[in-house]
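[1] Here is my input; please provide its structure:
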Amino acid sequence: MTKKHAFYAQSGGVTAVINASACAVIETARRYPDKIGKVYAGHNGILGALREELIDTSYESDETIGALLRTPGGAFGSCRYKLKSFEESEAEYRRLIEVFQAHNIGYFFYNGGNDSMDTAWKVSQLSEKMGYPITCIGVPKTIDNDLAVTDNCPGFGSAAKYLAVSIKEASHDIASMCDTSTKVFVMEVMGRHAGWLAAATGLAARQDGDPPHIIIFPELPLDRQKFLNKVDETVNNEGYCVIVASEGAKYDDGSFISASTTVIDSFGHQQLGGVAPALCNMIKQELGYKYHYAVPDYLQRSARHIASRVDVEQAYAVGKAAVELAVTGHNAVMPAIIRESDLPYRWAIKEVPLAKVANFERKMPLDFISEDGFNITPTCRGYLEPLIEGEEYPAYLNGLPRFARLRKVFVEKQLNTPFEI
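    Just a heads-up that it's a prediction; the model follows:
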């Protein structure tokens, strides 16, 4: 019997270490030539399967695949595209199976977040019913750190490290100039519903009075007056105030502090952004302080130069485990990170059913947030600190990092029917 090929796809917002998982999937698959034929990668994620745009990774050298370990972004292209339910669009699922069958694909590795785990789970179930069973393994990834079951998510540790370093450095700048210049600095970070990234900046504070002085989490509604009082008190006591705000910060009624009516993807998400200037305008109008703000935006998820070594190791580990699970007969599972101890930090990989991960969203526990609602607790610090440990620098050339450059050789199409998205 002809060996089945594997299909790997990247999904959603990319990270500084998603390519480490890609590296692991491809390198590990190459160690099982008796089980897996070639590894095809979807060009722009799951759309690559629907459009039959498959990249043959066998044309990439071992050296190039190895270089993915230290390359940010999504090397094969990612997308924000949510497959509808089978009842809503049977055609999409039939198209996937049709493409997989045409290219003798028997393994599907989907590298993404909540919705991606749902897709992998659905494909595993429906492919069986449709007469062409596919082994589907989810590979966890998201800087939001909001996947259920797993202790943490690959991608988060590096984004957390970048943000904690950035706020620490910026705070020294503000402290230097606050006597005659800026009194308030606000940094807006990603996190639509979960405040993990905002919380990570709290690691920069080692002693009482250290910045960030205020962290605004999406898990708690913003009390406007309480917030302004805290800003004023901090400026009076410290000479300046450093604030970190999650993009998903909300008011009491559940509305985002700053959200447009623009829908940005097939998930129905509103365009967020603008929390920082909204807060600054509030502070200026009520307190009169001079301010500056920053929005790291994509920088926080692409900062490979200051990636967490733990994060890189875990991103590789889940990719490797995904292939090993597939070739040993597992299906519809995800390799999850299990914390065994904090001090010393020890972790392991354990498979969990995709059904327990799909579409669940893990928010910050309330005992991770200080009583006043504006900072993290020691418990939260104990959870976060191990995840940003260590450095895993890329190679440099002429002062700049060197990243992998792929050939991206496409597989010849077998179907004569193009698929319109």
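[2] now the helices for the chain?
    In the chain, the segments counted as helices under DSSP state H are 18-30, 46-50, 62-67, 90-102, 114-129, 156-177, 196-200, 224-238, 275-287, 299-302, 309-327, 378-384.
[3] can you list contacts of the third one?
    With Cβ atoms under 8 Å, 6 or more residues apart in numbering as the test, helix 62-67 has contacts from 23, 26-27, 30, 57, 402-407. In short, each C-beta sits where N, CA and C put it, glycine included.
[4] how about a cut-off of 6 Å?
    Applying Cβ atoms under 6 Å, 6 or more residues apart in numbering, the contact partners of helix 62-67 are 23, 26, 404.
[5] One more: the second one?
    Counting by Cβ under 6 Å, 6+ apart, the neighbours of helix 46-50 from elsewhere in the structure are 9, 42, 79, 81, 95-96, 99, 419.
[6] Spatially nearest residue to the residue positioned nearest the centre of the chain (excluding sequence neighbours)?
    Centroid check for the chain by Cα atoms, centre = their mean gives residue 142 as the closest residue, at 1.9 Å. The shortest distance from residue 142 to any non-neighbouring residue, by Cβ to Cβ, 6 or more residues apart in numbering, is to residue 113 (4.0 Å).
[7] Would you confirm that the one you found contacts residue 10?
    No. With contacts counted by Cβ atoms under 6 Å, residue 113 stays clear of residue 10, the gap being 11.0 Å.
[8] Who has more neighbours out of these two?
    Taking neighbours as other Cβ atoms under 10 Å, residue 113 and residue 10 compare with residue 10 leading, 30 against 23.
[9] Isn't that one up against residue 77?
    No. Shown here, residue 10 and residue 77 do not form a contact pair, counting by Cβ under 6 Å, at 7.1 Å.
[10] Worst mean pLDDT across the helices and strands of the chain, which element?
    strand 259-263 (a mean of 43; mean pLDDT, DSSP states H and E).
[11] Just the C-alpha atoms of stretch 226-235, please, in PDB.
    Output in PDB follows, covering the C-alpha atoms of stretch 226-235 (Å, rounded to 0.1, in the frame of the first residue of the first chain):
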ATOM      1  CA  LYS A 226     -11.100  54.500  40.400                       C
ATOM      2  CA  PHE A 227      -8.700  54.300  37.500                       C
ATOM      3  CA  LEU A 228      -8.200  58.100  37.400                       C
ATOM      4  CA  ASN A 229      -7.700  58.200  41.200                       C
ATOM      5  CA  LYS A 230      -5.000  55.600  40.900                       C
ATOM      6  CA  VAL A 231      -3.200  57.500  38.100                       C
ATOM      7  CA  ASP A 232      -3.300  60.700  40.100                       C
ATOM      8  CA  GLU A 233      -2.100  59.000  43.200                       C
ATOM      9  CA  THR A 234       0.800  57.300  41.400                       C
ATOM     10  CA  VAL A 235       2.000  60.400  39.700                       C
END
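[12] State the mean pLDDT of that stretch.
    Stretch 226-235 shows a mean pLDDT of 98.
[13] Quick one: distance of it to the chain centre.
    Centroid separation between stretch 226-235 and its chain, computed with Cα atoms, centre = their mean, to the nearest Å, is 32 Å.
[14] So which bits of it are buried?
    227-228, 230-232, 234-235 (16 or more other Cβ atoms under 10 Å).
[15] Just put those in JSON lines and tack on distance to residue 118.
    Listed next are those as JSON lines, based on distance: Cβ to Cβ, whole Å:
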{"residue": "227", "distance to residue 118": "36"}
{"residue": "228", "distance to residue 118": "41"}
{"residue": "230", "distance to residue 118": "39"}
{"residue": "231", "distance to residue 118": "41"}
{"residue": "232", "distance to residue 118": "45"}
{"residue": "234", "distance to residue 118": "43"}
{"residue": "235", "distance to residue 118": "46"}
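[16] Show me which pair in these is furthest apart.
    Across the buried residues of stretch 226-235, the longest distance by Cβ to Cβ is 12.9 Å; it joins 227 and 235.
[17] Now list whatever residues contact both of these two.
    Joint contacts of residue 227 and residue 235 (Cβ under 6 Å, 6+ apart) do not exist.
[18] the domain parsing of this structure - what is it?
    What automatic domain parsing lists as the domains of the chain is 4-142+306-359+391-401, 156-304.
[19] Out of the contacts of helix 62-67, which is nearest to residue 159?
    For the contacts of helix 62-67, the nearest to residue 159 is residue 23 (18.9 Å; Cβ to Cβ).
[20] Hmm, that closest one is touching residue 68, no?
    Yes. Proximity of residue 23 to residue 68 meets the contact threshold set by Cβ under 6 Å, at 3.9 Å.
[21] Let's see the pLDDT reported for the closest residue to residue 210 other than its chain neighbours.
    With Cβ to Cβ, 6+ apart as the criterion, residue 210 has its nearest non-adjacent residue at 7.0 Å, and that residue is residue 204. At residue 204, the model reports a pLDDT of 98.
[22] ditto for the one 4 residues further on
    Reported pLDDT at residue 208 in the predicted model: 91.
[23] How about the one 5 residues further on?
    According to the prediction, residue 213 has pLDDT 98.
[24] from memory it sits against residue 235, does it?
    No. Contact status for residue 213 versus residue 235: not in contact, 9.1 Å apart, counting by Cβ under 6 Å.
[25] list residues touching both of the two?
    residue 241.
[26] Against residue 104, how distant is residue 414?
    Using Cβ to Cβ, to the nearest Å, residue 414 is found at 10 Å from residue 104.
[27] In TSV, list the contacts of helix 62-67 along with pLDDT.
    Listed next are the contacts of helix 62-67 as TSV, based on pLDDT from 0 to 100:
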residue	pLDDT
23	98
26	99
404	98
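[28] From these, pick the one nearest residue 330.
    Nearest member of those to residue 330, counting by Cβ to Cβ, is residue 26, at 19.0 Å.
[29] Next, the contact list for that closest one, please.
    So residue 26 contacts 39, 57, 65 (Cβ under 6 Å, 6+ apart).
[30] Highest neighbour count among these?
    Top of the contacts of residue 26 by neighbour count (other Cβ under 10 Å): residue 39, with 27 neighbours.
[31] Who are the contact partners of the residue in the chain sticking out farthest from the centre?
    Distance from the C-alpha centroid of the chain, by Cα atoms, centre = their mean, peaks at residue 180 (39.1 Å). Neighbour list for residue 180: empty [criterion: Cβ under 6 Å, 6+ apart].
[32] how much space is there between it and residue 289?
    Taking Cβ to Cβ, one finds residue 180 at 13 Å from residue 289.
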